[in-house]
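Q: just to be clear, the model below is a prediction. Sequence and coordinates:
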Amino acid sequence: MEKPYQGRAVVEDNFDYLKITIPAKRNYLFLVYICFSLAVWGYIGSSAIDELLHPSSDFGRGFMIFWISGWTLGGIMTVKTIIWLFWGEEIIEIGMGTFSISRKNDLFTREKVYDLNECREFRIREVDSESDRKHWFIFYYRNKERGTIAFDYGMRNFCFGEDLYEPEAKYLLNVMKSKRILTESQFK
């Protein structure tokens, strides 16, 4: 018999604020694949660097410098993804008039802090299925808002709760509502 899914989010209910920690969703088959790809990436890159340092002709030197620059950027983004998938956590803190979203162990990101009174229409958002994004993994994570829960802030919407299942996202919204940190008027 299948055991019920308990969810990934950890809710810490303090007196004056609520802290929600959501570990990154791990896909171990993808992690093995991306680590193997990084090893191959390193081998090919070291061959290119060797060709740059000991060229057989000066003709391709400019192109090789350009190629190695792109290769380095791709390697950095791959390492960033590996670090996020192994140790990443999304941390949401609500209270004392602020709403903050931070991503621990996600390189090149910063904490976002919002005025809680200006946050409106908290809701569950329609998210592309995981199978739709697998083929365009890097483009998906760089070009779309991440998250299952959305809210409006001014004339823009923001999302959090990456890869949460809908029942878990509903549970988190209910916790926020029952704690009375968010008012009924802030929900859609």
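A: Arrived safely, thanks for sending.

Q: show me where the chain has its helices.
A: 28-53, 61-87, 130-134, 137-143, 166-178 (DSSP state H).

Q: in CSV, list those along with distance to Gly154 and mean pLDDT.
A: Every C-beta, even on glycine, is put in place using the N, C-alpha and C of the backbone. Converted to CSV, those look like this (distance: least, CB to CB, whole Å; pLDDT from 0 to 100):
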stretch, distance to Gly154, mean pLDDT
helix 28-53, 36, 87
helix 61-87, 28, 87
helix 130-134, 28, 52
helix 137-143, 21, 48
helix 166-178, 20, 90
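
Q: closest one to Asn117 among the ones you listed?
A: Closest to Asn117 of the helices of the chain is helix 166-178 (CB to CB; 14.6 Å).

Q: please name every helix or strand in contact with the closest one.
A: Judged by 3 or more CB pairs under 8 Å, 6 or more residues apart in numbering; DSSP states H and E, helix 166-178 is in contact with strand 10-13, strand 17-23, strand 119-124, strand 149-153.

Q: and with 7 Å instead?
A: strand 119-124, strand 149-153 (3 or more CB pairs under 7 Å, 6 or more residues apart in numbering; DSSP states H and E).

Q: so Thr109 touches Ile91, yeah?
A: No: using CB atoms under 7 Å, Thr109 is not in contact with Ile91, being 11.5 Å away.

Q: those two: which is more packed in?
A: Ile91 (17 against 14; other CB atoms under 10 Å).

Q: shouldn't the more buried one be in contact with Asn105?
A: No: applying CB under 7 Å as the test, Ile91 and Asn105 come out as separate, 10.5 Å apart.

Q: coming back round to it: buried deepest among the helices of the chain, which one?
A: helix 166-178 (a mean of 16; mean count of other CB atoms under 10 Å).

Q: ok, residues contacting that one?
A: Residues from elsewhere that reach helix 166-178 (CB atoms under 7 Å, 6 or more residues apart in numbering): 7, 9, 11, 18, 20, 94, 122, 124, 148-149, 161, 182, 187.

Q: list buried residues within these.
A: Buried subset of those (neighbour count, 16 or more other CB atoms under 10 Å): Ala9, Val11, Leu18, Ile20, Ile94, Phe122, Ile124, Thr148, Ile149, Gly161, Leu182.
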